[in-house]
Each structure stands twice: as C-alpha cells, then as structure tokens.
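K.L.:
let's see this in three dimensions:
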Amino acid sequence: MSSELASRWFTKISQESTIPLSAIKAVAGLLDDGATIPFIARYRKEQTGSLDEVQLGFIRDRLNQLRELDKRREAIISSIEKQGKLTPELMGAIINANSIAELEDIYLPFRPKRKTRASVAREKGLEPLSLLLLKQGPEDPSALAESFINENLGVNSSEDALAGARDIIAEMIAEDIACRKEIRELFQTKGLVATRILKGKEQEGQKFRDYFDWKEPVLTIPSHRMLAIRRAEKEEVITFSIEPPTDLALEILKGRFVHNGPSAPQVMLAAEDGYERLLRPSMETEIRVESKMKADIEAIRVFSENLRKLLLSAPLGQKNVMAIDPGFRTGCKVVCLDRQGKLLNHTVIYPNEPKKDRSGSAETIKKLCEQFRIDAIAIGNGTAGRETESFVKNIGLSQRIQIVVVNESGASVYSASEAAREEFPDQDITVRGAVSIGRRLMDPLSELVKVDSKSIGVGQYQHDVDQNQLKSGLDDIVISCVNAVGVEVNTASKELLSYVSGIGPSLAKSIIDYRNEHGPFSDRNALMAVNRFGEKVFEQAAGFLRIRESGNPLDASAVHPESYPIVDKMATDLGCSVKELIGSAELRKKLDLNKYVDTKVGLPTLEDILKELEKPGRDPREHFDPVVFAEGVHTLQDLKIGMKLPGVVTNVTAFGAFVDIGVHQDGLVHISHLSDQFVKDPAAIVSVQQKVEVTVVELDIDRKRIGLSMKANPFETQPAAHQSKSGKPQKHHPGKNPSKPFKDKKPDAVKEQSIEEKLAQLLKKYQK
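P.N.:
Coordinates of the predicted model:
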C-alpha cells in the first residue's frame, strides 16, 4: 500500500476508535508481517500500548474493509476514465468518499445500464425539454413540448414529449447524490419493517404467527426478529418491506426539486414517479442488505460470546474417566479412558427399558471402575441420560468417584467426522461418541475444537447469517481460547494444535507425525526440527506451546523464549537458579522490574513475566464444579408449575436464555424473566455454563416447551418495562401515540387517480 493511502486509513481508524495513531500503525505493521492477534496481544504490548484482542480485531477488520473500499474506488475510477467522463471534480469526490454507498451513488449515473425509460426518452431527443422543465421557468410546459414533437422518433404529441421528459427527470432525481443520501437517512431512521402473510399460509406457517401482520422500526428491530422475519420470507410464509412514510420522502424531493411556476406540477409528478419506480426500490434493497448485515453481526456476537464461555468451561483435568453414552433400546455405550484420554475399553450395558438388566449392568460398571481405577463417570445428557445417572448413583460406587452429566451437543457430529475416523478407524460411531463425552469432561476445550462450532448449539439463527463471516468470527474465538489456555505439545491433538498461533492444520499434522516418529519433544527448541517449523513460526507459536517435562521450567510457562535471557538475568542478579526463582515468592519480591526495562522490553511484558513466574503455565479456566440436578425430576411429566429447580445455562440469545434442568428438553427463561429489573442484554445477566436456580412458570408437554423464570416473584402480574405479559414481542408504533394505527403508504384515492387528474391537482397547487 502507498504510504499516503495507509496514513489516511490509520487516521480514519484512530478517529473512529480513539486508539492512538502510533498503535494502529504498529498493529498494521505486525499484521502485515504475519503476526497473529493472540501473539500481538500477549507479546507485543509495548508496540501497541497493551491493546486487547477486541481492539486488535477491530483494527484488522477495519483495515480489510478500507482495503476493499479502495479496490472498489480504483475500479470506479477506471470505468469512468474509460468512458472519457472523469473530471477533476469527479475524481475528488471519488477519492473523498468514505463508504461503499457514497461511492456507488457517485458511480450510479456512469454505471452501464440496460435500456431504461429515460434512455429511450433521450434517444428521442427529449433531454433538453427535461432540463427546461426542471428549470421551472415562466413558460407553459405544453408550449415548450410542442417543439419536440417528432413522429419519426415516436413523439406524436406534446403529451408524449412531456411523459418522456418526466422519465428523464425521474431518473435524474433518483441518481442525485445529495437526494439519495437524504432519502437513505430517512429509510434508516424512519423506515418500518412491515410484514404480510401470504394467502393460504396461515396453517403451515404457525411457527411464524407472531409475524403474520407485523410492523416495527428498522432502526430498533432486534437481530433475532430481523432474522426470523427473513427466514419466514424465505420459507414463503410472509412477505416484508422496509420503507418510511411516503409523504416524508416526497416532502424531501419536493423541497429539493420542486419550485413555483407552470412546470412545477410536471416536476412533482416526475419526482413521485422517480421515488416509487426507482429510488424507493433501490433504497429498500440497500436497507434490506444493511439490516441483514447488522442482524448478522449481532447474531455472530451472541454466538461468539456463548462459544467462548463454553470453550473455557472448567476442566476436570487428567483423571481416569468412564464415559457413558446413554440410550434405551440400543443400550448405553460405556468406554474407559486413561488420564490422557486414551481408549482402554468399551462395552454396552442395558440398565433401562426395554432390555432392562440392572444387576448385570451394575456389576459391569463396578468391575470396570475397579479395573481401570476410575476417578469420574461422565454421562451424556441426551435420551435416557437422567435415568442412567440415577441408576449409576444408586449402585453403591465409591464416594470418591464423581458422577457428572455432560452436555453432549455435537458429539454425534464428531463421531461421524474424518478426525474421529482417523483416530478410531476400527470403532463405530457409538464408541467414538462416548469417547468424546468422556474427553469433554476432562478438557472441554481440547475436545470441542474437533467439532464444527456451528454444531455445538450455542447460537441463534446461525444458519441464516453470512456463513463466511460466521466462520471467521467463530474461528477468532477458538484461536483466542486455545492460545489463552496454552497447549501441551506432547499430548495435543492435531485439531487443537492447528489453532495455535502461527501453526495451522498442515503444520499441526507435521508436528504430530514428527512426535509419533521421534517421541515427545524434550524442549521448545526441539520444535525447530519439524519440517517447515521455521523461525517465524517459532516466534508466533512457542509462547503458547507447553512442554511440562522439559529441563527448562520456563518451557511449561507462557514466558516467550525471546524473554528467557531476561529471566536468566533476574535469577543471576538474585544469586539463584530459574527454578528457585519460580518456587520462591520471597525472591520474586526482591526484583525491581525497572532494572530490566530497555528499548524493546517495557513494564507490561516484565509484569506478565512476573505473573508467569508466580504460577507457571497457569490455566485461566475456573475450578471444576459440576451442576447437580434435582432428584426425581427426569422428564417433562415430572415437572409442575411453581417448581424451583437447579439448572445450567446452555445458550444465551437476544431474547433470553435456555437452561438445562435435567429433563432432556431445555427450558427458556425469556428476557422478561431474567431479573426483577428491566434487562436490555441477557448476556449482562447470564452466561453459558452458569449455574442458576429457576422456577417453572409455563409447561406445554405436547409441544415440549418449558417456560422458566429467574425472578424472585415470577408470578407477579406486573411485566418488566417494554415487555409483554405473554413474553411475546410487542408491536411498535411510530409517533407519540403508540395506539394509533399506521397510515397507509398512499390513500386509495390517490392510487386510482390518472396522470391527467394528478397534473390538474398539482397545477392548482403550484399556481400563484
């Protein structure tokens, strides 16, 4: 990029974000040099002013957007230049345009078009007449039109001439840059999303019944509602439009283009036609795209926050684990795993109907627990999960064995994946699924990275949003989580290693292949022996890779190898070894970090080093504390209105939170029931994996729906502000009086008027 162009980008980003210009320049340079967001956030704080991953991601994404903007700018300049119409003024306008919409408005008159009504009129020589009418002088428009009658060109009367001139004026108005900007702002601020059910779709479209006749400002419509409406339209249940009140739009056009004089009615008629036929559809298309993008961004944000919480769920740790994938007819698949998650044994038990064999199943479980010294039992939360949990808890196992219900969402996806087939080529999907459940208990992050994030079930309308944007956003979260926790290189899977800064899938495979052939890595430097693991990769990845059996204790920490000399100097200054420095808080207290500041390393990095020396390779995840569901509540039929139950949040959306209460069907705590206070954002109250206490307030067994509440007094009749008692979204009405219905887009009488009648009315209006 040119230095002038880059400087303009950096200045713009700084103005938008208040991030210092110097930090933005540094981040851009690091990104261009191949550095990753986690690496920059952790190990280049001096250069960036300690920007966090969110700020770094914003800079990266905004730089990419501005690059795309400039690509489009160059294409437009080239196109207009080839037409021989590029003037210095036009060039200046294109260079100074700050958005795609602004650029496209400038380009619109020069964009190659198929034949239009205006272009046909121009071919008939009517452009001079359109300019005369638009000038709105004292001349009679019919008299002006007389001189443009030309039967050879198909202009047979003054009325023909005026109609053609109006077509040209309509297109000119629709392509006017200032006009488009003002109408666009009107759509954005006053536009209404209005739905209409298609004939005959009342029954089959019941799941969208809230949107059969719906109106809401596009400015305030929440993401989930916009995506639901779009899905209903896609499934051909409803149609929807986005537009402001027509009278407001026409007032703007009148103020800009219509003056006094005999030609004013002609211009007004052209303006109305230009709005209805050209400008309104164009703006609606823009706003539909814009509102979809906003909805996508919000949906992806919600999904990303949920995914982060799930990935950073507390791990049980390295324990001998038995995992049970429960079932009725096909029995329960049981696997035993060692402390590293290696499959040791698998079998099937039948503790439930129809092949009920409780004594034999109990004997099998006890025997396996003793044989493989089982520390914990993970039970999937799917079909027969609670029944199997109850059975296992009552067979007399040792109290030291933890029994934990594990969310198995996505386990079936993993069991059928290429990664699972590669690891367990001789096992069927039931064994692979059970292994996944056990490993999720031991280390959720290590196992969940093997599953497509979209299959984990913690988002809203994830299949309706831009899939490339969704993948990019979720990948950012996975990368962030993996690098925040760190990866033990000698035990990590290929999938986990592929998310480490600077590595990727191909190099991850090479690391695994090298490890399998040569044995475990002895220290971080040994990684350099792997094919294509060069100095640049080492710089990006080494700090996030752990080797706990290394001779150098720093290899098990997040201290980057480039900082090892600093730690060595600290130890030397204190007259001790690095190991002693790590083990002694008294020694570390004697350190004066200012002594080690130089031109490359500042206090932020030194403070990070000191924290690592206190707890080398510390895991940022919380201590494992499983949820315990209510005894005797296993199915929907066991529930009663008013029951207070423990649960765990499985998904947070814009309209509330889903909670697992141990009955195979998550209940919904609507946003209006999350708190006794008004809640704007559910994520401010709850998060995925959070343990909560809820009250059953609604129960529909036939539709398998559970309504829950986290309010202290959930059965009070007073609803939370801005929310309906039913929990359904309320219709929004513009203006001071929300009870007044919407005005029609146009009165029927106006719709039925002929051109001549409208002209007569307009002529009276504009006559002095």
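K.L.:
which residues sit against stretch 377-389?
P.N.:
321-328, 332, 351-352, 365, 369, 392, 397, 401-408, 411, 433-434, 437-438, 440-441, 629, 633-635, 660, 662-664 (CB atoms under 8 Å, 6 or more residues apart in numbering). Heads up, the C-betas are built off the backbone N, CA and C, glycines and all.
K.L.:
mind listing which of those residues are in helices?
P.N.:
Assigned to helices by DSSP state H, the following of those qualify: 365, 369, 392, 411, 433, 434, 437, 438, 440, 441.
K.L.:
make JSON lines out of the residues you listed and add pLDDT.
P.N.:
Formatted as JSON lines, those follow (pLDDT from 0 to 100):
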{"residue": "365", "pLDDT": "97"}
{"residue": "369", "pLDDT": "97"}
{"residue": "392", "pLDDT": "96"}
{"residue": "411", "pLDDT": "79"}
{"residue": "433", "pLDDT": "93"}
{"residue": "434", "pLDDT": "95"}
{"residue": "437", "pLDDT": "95"}
{"residue": "438", "pLDDT": "96"}
{"residue": "440", "pLDDT": "94"}
{"residue": "441", "pLDDT": "95"}
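K.L.:
which of these count as buried?
P.N.:
365, 369, 392, 411, 433, 434, 437, 438, 440, 441 (16 or more other CB atoms under 10 Å).
K.L.:
among these, which pair sits farthest apart?
P.N.:
Using CB to CB, the pair of those lying farthest apart is 369 and 411, separated by 22.2 Å.
K.L.:
show me where the stretch 51-200 of the chain has strands.
P.N.:
192-197 (DSSP state E, counting those that start in this stretch).
K.L.:
next up, the contacts around residue 239.
P.N.:
195, 196, 198, 233.
K.L.:
for the protein, what helix or strand is lowest in average pLDDT?
P.N.:
Here the helix or strand of the chain ranked lowest by mean pLDDT, DSSP states H and E is helix 748-752, holding a mean of 41.
K.L.:
thought residue 125 was touching residue 147?
P.N.:
No: the pair residue 125 / residue 147 is not scored as a contact, 10.4 Å apart, by CB atoms under 8 Å.
K.L.:
pLDDT score assigned to residue 744?
P.N.:
Listed pLDDT for residue 744 reads 38.
K.L.:
which stretches of the stretch 101-250 of the chain form helices?
P.N.:
Taking DSSP state H, counting those that start in this stretch, the helices of the stretch 101-250 of the chain run over residues 117-123, 127-135, 141-146, 158-175, 177-190, 223-234, 246-257.
K.L.:
so what secondary structure elements neighbour the third one?
P.N.:
What that stands for is helix 141-146. helix 127-135, helix 158-175 (3 or more CB pairs under 8 Å, 6 or more residues apart in numbering; DSSP states H and E).
K.L.:
so which of these is the most surrounded?
P.N.:
Stretch with highest mean neighbour count among the helices and strands packed on helix 141-146: helix 158-175 (a mean of 24; mean count of other CB atoms under 10 Å).
K.L.:
and it, what does it pack onto?
P.N.:
Using 3+ CB pairs under 8 Å, 6+ apart, helix 158-175 sits against helix 117-123, helix 127-135, helix 141-146, helix 246-257, helix 264-274.
K.L.:
can you name the element that comes right after the last one?
P.N.:
Per DSSP states H and E, helix 264-274 leads on to helix 280-311 as the next helix or strand towards the C-terminus.
K.L.:
which secondary structure elements does that following helix contact?
P.N.:
helix 177-190, helix 223-234, strand 238-243, helix 444-448, helix 467-485, strand 644-653.
K.L.:
and the pLDDT at the closest residue to residue 278 other than its chain neighbours?
P.N.:
Nearest non-adjacent residue to residue 278, counting by CB to CB, 6 or more residues apart in numbering: residue 174, 3.7 Å away. We have a pLDDT of 96 for residue 174.
K.L.:
any weak-confidence spans in this structure?
P.N.:
Counting by pLDDT under 70, the ranges of the chain that qualify are 1-5, 717-768.
K.L.:
contacting residues for the spatially most central residue of it?
P.N.:
Among the residues of the chain, residue 300 comes closest to the average C-alpha position under CA atoms, centre = their mean, at 1.1 Å. By CB under 8 Å, 6+ apart, the contact set of residue 300 is 465, 469, 470, 473, 474.
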